[in-house]
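Asker: Dropping a prediction and its sequence here:
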Amino acid sequence: MHTHSTYSDGVLTPAELVLRAASRGVSLLALTDHDDTGGLVDAAQAAAGLDIQLVPGVEISAGWNGQTVHVVGLDIDAHAPDLVNGLASIRSSRGERAVQIAAQLDAVGVTGSLPGATRHAGNSAAIGRSHFARFLVERKHVRNTSDAFRRYLGAGRVGYVPPSWPELAKAIDWIHCAGGLAVLAHPDRYRLAPRVMQSLFEAFAQGGGDAIEISSDGRFKGSAQIRLARQFGFALSAGSDFHAPGKNVADLGDVTEIPAGVPAVWQRLRAAR
Ligand code: AMP
Ligand code: MN
Ligand code: MN
Ligand code: MN
């Protein structure tokens, strides 16, 4: 229920992604590129001849309490005007941010990062920090992409530019206007104190959010967040957040099981209703 293609910061094309998923036994797959739905047509075409159901999705970058949170939209109508316009505005702010990131990297002697990152973005309009990270690795400024975030792109580092994402409630609204389900992505990755996590869940519930994602990195499992999901009446979602094949990362189909007694978000998809 959570994957990326070359339409954002994944390395497989939508068709390659669908084929890899099918070959790994995935029967229900959502493509959820960051702030872009451009890959859904190719993905649907690739899925048509296979024993795999494609769920049209997106992962929206949003702001809450001064920090970035991600909201996955599932079962969306990618042509819904509010969603289309909202995503276009995010991509345009991504373009502006990329120019600023490049200027800040230039200032510390890391030159050529804008064309370099753009090349890694390929057909992606949603240019982001992952593309800069790959450029930094390629030019041997860092050993790997996590190093790139640690040294250059993470909050407070020289290449960091505070983003201007839409507010959480707005992202949820766009998804609902498109007939979709809003899923709070990987809450365990926001590194929130329990009380702050509780208020994020409250805000998500207030905004009409539908489900909470269990990340495959596992810390979420059996934790207080499942209790909170129950408390707020959220369904649970699971996904690999697949970006690229590699060591020590979840591959397609590597997902945490949903504990018994809590509804899974796929039971609420249109096809299942
Ligand atoms: P952006 O939306 O442009 O700010 O970039 C965020 C993306 O960068 C995430 O979706 C991840 O794919 C990637 N990312 C974030 N933090 C890290 C990290 N520490 N190491 C590797 N990739 C990261
Ligand atoms: Mn990403
Ligand atoms: Mn995310
Ligand atoms: Mn993701």
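Answerer: Okay, I see it. Ligands and ions are numbered 1, 2, ... in the order given.
Asker: Counting neighbours, what do you get for the closest residue to ligand 1 within the chain?
Answerer: Ligand 1 sits closest to G128 of the chain, with a gap of 2.4 Å, by CB to the nearest ligand atom. Yep, even glycine has a C-beta here, placed from its N, CA and C like the rest. Using other CB atoms under 10 Å, G128 is surrounded by 22 other residues.
Asker: Now it: phi and psi?
Answerer: Main-chain torsions, G128, degrees, to the nearest 10: phi -150, psi -170.
Asker: Surely I214 forms part of a strand?
Answerer: Yes: counting by DSSP: H, G, I helix; E, B strand; the rest coil, I214 is located in a strand.
Asker: who are the neighbours in contact with the closest residue in space to H2 that isn't next to it in sequence?
Answerer: Nearest residue to H2 in three dimensions, chain neighbours excluded: G239, at 2.7 Å (CB to CB, 6 or more residues apart in numbering). Contact analysis of G239 by CB atoms under 8 Å, 6 or more residues apart in numbering lists M1, H2, T3, A30, T32, V72, E213, S216, V255.
Asker: ditto for W266
Answerer: Contacts of W266 by CB under 8 Å, 6+ apart are M1, L28, V55, S237, A272.
Asker: what packs against the strand or helix carrying D147?
Answerer: Here D147 sits within helix 145-148, counting by DSSP states H and E. Using 3 or more CB pairs under 8 Å, 6 or more residues apart in numbering; DSSP states H and E, the elements in contact with helix 145-148 are helix 129-138.
Asker: Can the longest strand seen in the chain be said to contact ligand 3?
Answerer: Secondary structure of the chain read by DSSP state E shows that its longest strand is strand 53-64. No: legend: contact between strand 53-64 and ligand 3 by CB under 5 Å from the ion is lacking; minimum distance shown is 5.5 Å.
Asker: would you put the C-alpha positions of that strand in PDB?
Answerer: Taking C-alpha atoms only, strand 53-64 is exported to PDB below (Å, rounded to 0.1, in the frame of the first residue of the first chain):
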ATOM      1  CA  GLN A  53      -4.800  -5.400  -8.400                       C
ATOM      2  CA  LEU A  54      -3.400  -1.800  -8.700                       C
ATOM      3  CA  VAL A  55      -4.700   0.800  -6.300                       C
ATOM      4  CA  PRO A  56      -4.100   4.300  -7.500                       C
ATOM      5  CA  GLY A  57      -2.400   6.300  -4.800                       C
ATOM      6  CA  VAL A  58      -0.200   9.200  -3.900                       C
ATOM      7  CA  GLU A  59       2.000  10.300  -0.900                       C
ATOM      8  CA  ILE A  60       1.400  13.900   0.000                       C
ATOM      9  CA  SER A  61       4.000  16.000   1.800                       C
ATOM     10  CA  ALA A  62       2.300  18.000   4.500                       C
ATOM     11  CA  GLY A  63       3.100  20.200   7.500                       C
ATOM     12  CA  TRP A  64       1.900  19.700  11.000                       C
END
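Asker: my guess is V161 meets Q104, correct?
Answerer: Yes: contact criterion CB atoms under 8 Å: V161 and Q104 qualify, at 6.8 Å.
Asker: Kindly present the contacts of G239 as CSV, with separate columns for distance to F232 and pLDDT.
Answerer: Formatted as CSV, the contacts of G239 follow (distance: CB to CB, whole Å; pLDDT from 0 to 100):
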residue, distance to F232, pLDDT
M1, 19, 97
H2, 20, 98
T3, 26, 98
A30, 22, 98
T32, 22, 98
V72, 17, 98
E213, 14, 94
S216, 22, 66
V255, 22, 89
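Asker: check contacts around the closest residue to A125 other than its chain neighbours.
Answerer: Spatial nearest neighbour of A125, excluding adjacent residues (CB to CB, 6+ apart): R91 at 5.0 Å. The contact partners of R91, taken as CB under 8 Å, 6+ apart, are D35, D36, A125, A126.
Asker: on that earlier part again, tell me the most packed of the contacts of W266, by neighbour count.
Answerer: Result: M1 is most packed of the contacts of W266 (other CB under 10 Å), 27 neighbours.
Asker: Surely S199 is within a helix?
Answerer: Yes: looking at S199 with three-state DSSP, it is inside a helix.
Asker: tally of neighbours for the closest residue to it other than its chain neighbours?
Answerer: The shortest distance from S199 to any non-neighbouring residue, by CB to CB, 6+ apart, is to N65 (7.5 Å). A total of 12 residues lie near N65 under the criterion other CB under 10 Å.
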